[in-house]
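*Asks:* Predicted structure and sequence below. I'll ask about it afterward.
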Amino acid sequence: MSSSLSAGIVRRLILSATAVCLSMVCASYAWAGAKDGRLDIYWIDVEGGGATLIVTPAGESILIDTGNPGLRDANRIVQTATQAAKLRRIDHLITTHYHRDHYGGAETLSRLMPIGHVWDNGVFEGMPDNPGQAYFEFKCEQRHVINPGDAIPLAQTKGDGPALRLQ
């Protein structure tokens, strides 16, 4: 895979994640996470940028990126997830791309809190930024390679709320 093709995929993943976050923010004004039937979005300050934690009205959690390696960023994510969002696990972890400040905290986070599904670009030929064995082998329930246009299945609430879609 050429680096320009790889860069295009990364750009599309970042744009898709941004679009999802913006749509969910807009939807949250119409329908008020887990315990109260609202869509909750938490921005977590991690070194080099931010991680985004989304809790759907059905109580399902989606974490986008994990910050840098070590305890600093992983602890901030765990604190927000357990204290603010009242979660016991991360249902879906999305790694947007393989820059250290986006994937680096995943391995440490997996030792602090259970992770269900991991969604990322997988291993591909000519990876410009290979996250390495620790990233690809950290504990989770299932790994998925995500491609442009793929949808991540989400639990839906019963009742009058809108169906949520993460694509």
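*Replies:* Alright, I've got the coordinates.
*Asks:* what residue ranges in the protein score low on pLDDT?
*Replies:* Where the chain drops to pLDDT under 70, the residues are 1-35.
*Asks:* Not counting residues beside it along the chain, what's closest to A84?
*Replies:* Leaving aside its chain neighbours, A84 sits nearest to Y42 (6.1 Å; criterion: CB to CB, 6 or more residues apart in numbering). Every residue, glycine included, has its C-beta placed from N, CA and C.
*Asks:* That neighbour: neighbour count?
*Replies:* For Y42, the count of nearby residues is 18 (other CB atoms under 10 Å).
*Asks:* What of L166?
*Replies:* Neighbours around L166, by other CB under 10 Å: 21.
*Asks:* Over to E47?
*Replies:* E47: 16 surrounding residues under other CB under 10 Å.
*Asks:* Run through the bridge partners of the residue nearest to the spatial centre of the chain.
*Replies:* Residue closest to the average C-alpha location in the chain (CA atoms, centre = their mean): I64, at 2.5 Å. On the basis of DSSP bridges, I64 is bridged to T52, I94.
*Asks:* Do I have it right that it meets I94?
*Replies:* Yes: using CB atoms under 8 Å, I64 is in contact with I94, at 4.8 Å.
*Asks:* wait, isn't V118 in contact with H144?
*Replies:* Yes: contact criterion CB under 8 Å: V118 and H144 qualify, at 6.9 Å.
*Asks:* So for these two, which sits in the more crowded spot?
*Replies:* V118 (25 against 14).
*Asks:* Sheet partners, orientation included, of the host helix or strand of that one?
*Replies:* For V118, the host element (DSSP states H and E) is strand 115-120. Paired neighbours of strand 115-120 in the sheet (DSSP bridges): strand 90-94 (parallel), strand 142-145 (parallel).
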